[in-house]
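Engineer: Quick one, structure for this:
(chains A and B)
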Amino acid sequence: MKNTFEIVFSHPSYILIAIGIFLLLFLPLIIVSEFLFFEPFMAFSIYPETALSFSLIVTLSCFSALAVSMNVYRVKLINDTRKIGSSIFGTILGASAGACSCGPIAFSIITTFGTAGSVASSFLTIYEIPIRLASIGILIMVIFVTTKSLSHECKIKS
Amino acid sequence: MILANIKALAVIGVAVAMVIGVSVSFSSYVSEFENVQDRTPQTFRTIALGSASATVTIVEVGDYQCEMCKLWFEKTRPQIIDNYVDTGKVNLIFIDMPFLGQDSLPAAVATYCADDQDKYWDYHVKLYQLQQHVDDGWANADRLSAIAFSLDLNMDVFDECMESKKHYDRVDFHKQKAKNDFGANSTPTFVIVNTAGDSEKIVGAHPYSTFEKVINSML
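Structural biologist: Take a look at the predicted model:
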């Protein structure tokens, strides 16, 4: 497994892809979840009650960055796009949880879809932590399978 | 020829029906709008927490089922109360924007029924202290009555107020005011104003440091 990571991330472009995906996910999620504010002043706040949610966002962003960048490498190597779909699904699932607290996204959903929107929004809020854990689970599986697949492919190629 | 006439009649019939439908819905929209216009000046009233001589007012737009409002209530509000409201520098006003679930509106109405017995802020505080998940029953009719009972409210008066729905218009007007005048599309949203006419909008459950900076710049 360590070997596979070394192979993929020995290319600077994949490190950049991973950093890019991490930031693309991490920044919007901490803004939507109200950990980071830009107006009227830049402020960051985390409380003991929200520490778990924050750590899940960090974990989710890290695993998404790893899973997607490794799959991009895999796509380039063997031209198989199946697992990249799973990593994107895991990422979207994790990102959607908690995005619907009482912010503008929830407001738009509820005002557009009424009761159904309210039910969906409260579901995503109530089950934020289990959904994020499930999506992290999916991403861990994707990373594991991708690593196995890559080490197998690399052995064949070498 | 007969078929062509039937077709023409059908087209005319549908057109007439559409015109009637649009006219009816438009007139009902207009009358509804006029009703809102008629009732708003009498019903809009807010209850301020603080001193009458305070030069700064914080207007909070919130929903009693909003978890970020609860977070602000627990983490930031106590420091604002201690440092600015209790010292007579700042007033706090709450504007209802119940949108998260079906229990949000009755919860907001219940605060005004409590206000009829001069317990608005006590009820407000109690609601945030007891808040759980959206529409999971923590703010249903029985629980709202139980909260009123725990605050020693006259239950006959409170129950009659809740059943009469006399404060629904008031909450509805607050909601419109929050959206139209304060541009709120999420909760909590804050508008901080001073007597000189300066104002600053803060969206989200910001930490105390943000409020401290804004308030100090306005005092």
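Engineer: In contact with B:Trp72: list those residues for me.
Structural biologist: B:188, B:205-206 (C-beta atoms under 8 Å, 6 or more residues apart in numbering or on different chains). Where C-beta positions appear, they are placed from N, C-alpha and C, glycine not excepted.
Engineer: what about it, distance to B:Phe94?
Structural biologist: Distance, B:Trp72 to B:Phe94, using C-beta to C-beta, to the nearest Å: 12 Å.
Engineer: Where in chain A is the helix or strand with the lowest mean pLDDT?
Structural biologist: Within chain A, no helix or strand scores below helix A:82-96, which has a mean of 70 by mean pLDDT, DSSP states H and E.
Engineer: pLDDT averaged over the helix or strand that that helix is followed by, what's the number?
Structural biologist: Next helix or strand after helix A:82-96 toward the C-terminus (DSSP states H and E): helix A:104-126. If you average the pLDDT over helix A:104-126, you get 79.
Engineer: Partner strands of the strand or helix carrying B:Ile58 and their direction?
Structural biologist: Assigned by DSSP H and E, B:Ile58 falls within strand B:56-62. Strand B:56-62 pairs in its sheet with strand B:90-96 (parallel), strand B:189-194 (antiparallel), by DSSP bridges.
Engineer: Adding mean neighbour count, write the ones you listed out as a markdown table.
Structural biologist: Compiled in a markdown table, the strands paired with strand B:56-62 are given as follows (neighbours: other C-beta atoms under 10 Å in any protein chain shown):
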| stretch | mean neighbour count |
| --- | --- |
| strand B:90-96 | 23 |
| strand B:189-194 | 21 |
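Engineer: Export those as TSV, with columns for distance to A:Ile110 and mean pLDDT.
Structural biologist: Below are these laid out as TSV (distance: least, C-beta to C-beta, whole Å; pLDDT from 0 to 100):
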stretch	distance to A:Ile110	mean pLDDT
strand B:90-96	15	94
strand B:189-194	15	94
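Engineer: Got a PyMOL select line for the buried ones in the contacts of B:Trp72?
Structural biologist: To isolate the buried members of the contacts of B:Trp72 in PyMOL, using 16 or more other C-beta atoms under 10 Å in any protein chain shown:
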select buried, chain B and resi 188+205+206
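Engineer: which of the contacts of B:Trp72 come close to chain A?
Structural biologist: B:188, B:205-206 (C-beta under 8 Å from any C-beta of the partner chain).
Engineer: Redo those as JSON lines? Include pLDDT and secondary structure.
Structural biologist: Formatted as JSON lines, the ones next to chain A among the contacts of B:Trp72 follow (pLDDT from 0 to 100; DSSP: H, G, I helix; E, B strand; the rest coil):
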{"residue": "B:Pro188", "pLDDT": "93", "secondary structure": "coil"}
{"residue": "B:Ala205", "pLDDT": "93", "secondary structure": "coil"}
{"residue": "B:His206", "pLDDT": "95", "secondary structure": "coil"}
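Engineer: near chain A, which residues of chain B?
Structural biologist: Counting by C-beta under 8 Å from any C-beta, chain B sits next to chain A at B:63, B:66-69, B:71, B:75, B:99-102, B:133-136, B:185-188, B:200-207, B:209-210, B:213-214.
Engineer: In helices, which of these fall?
Structural biologist: In helices, defined here by DSSP state H, the members of the residues of chain B next to chain A are B:67-69, B:71, B:75, B:209-210, B:213-214.
Engineer: Pick the one among the residues you listed closest to A:Tyr47.
Structural biologist: If you rank those by distance to A:Tyr47 using C-beta to C-beta, B:Lys75 comes first, at 5.8 Å.
Engineer: dump the residue contacts of the closest one.
Structural biologist: So B:Lys75 contacts A:45, A:47, B:205, B:207-208 (C-beta under 8 Å, 6+ apart).
Engineer: Select from these the one having the most neighbours.
Structural biologist: B:Ala205 (31 neighbours; other C-beta atoms under 10 Å in any protein chain shown).
Engineer: In this model B:Glu74 seems to touch it, though I could be wrong.
Structural biologist: No. Contact between B:Ala205 and B:Glu74 fails when scored by C-beta atoms under 8 Å: they sit 9.7 Å apart.
Engineer: what bridges to the residue nearest in space to the middle of chain B?
Structural biologist: Nearest to the geometric centre of chain B sits B:Asp96, at 1.5 Å (C-alpha atoms, centre = their mean). Beta-bridge partners for B:Asp96, by DSSP bridges, are B:Gly62.
Engineer: any idea how far A:Ser61 is from it?
Structural biologist: Separation of B:Asp96 from A:Ser61 (C-beta to C-beta): 36 Å.
Engineer: Equivalent analysis for B:Tyr208, please.
Structural biologist: For B:Tyr208, the distance to A:Ser61 - C-beta to C-beta - is 27 Å.
Engineer: Identify the spatial nearest neighbour of the residue nearest in space to the middle of chain A, chain neighbours not counted.
Structural biologist: Nearest to the mean C-alpha position of chain A, counting by C-alpha atoms, centre = their mean, stands A:Thr91 at 3.7 Å. Spatially, and ignoring its direct neighbours in sequence, A:Thr91 is nearest to A:Ser64 (4.3 Å; C-beta to C-beta, 6 or more residues apart in numbering or on different chains).
Engineer: Can you give me every residue that contacts that neighbour?
Structural biologist: Per C-beta under 8 Å, 6+ apart, neighbours of A:Ser64: A:21-22, A:25, A:87, A:90-91, A:94, A:139.
Engineer: For it, give me the pLDDT.
Structural biologist: The predicted local confidence for A:Ser64 is 88.
Engineer: Quick one: name the residues of chain A near chain B.
Structural biologist: Residues of chain A lying near chain B (C-beta under 8 Å from any C-beta): A:34, A:37, A:39-41, A:43, A:45, A:47, A:49-50, A:101-104, A:106-108, A:110-111, A:115, A:118, A:121-122, A:125-126.
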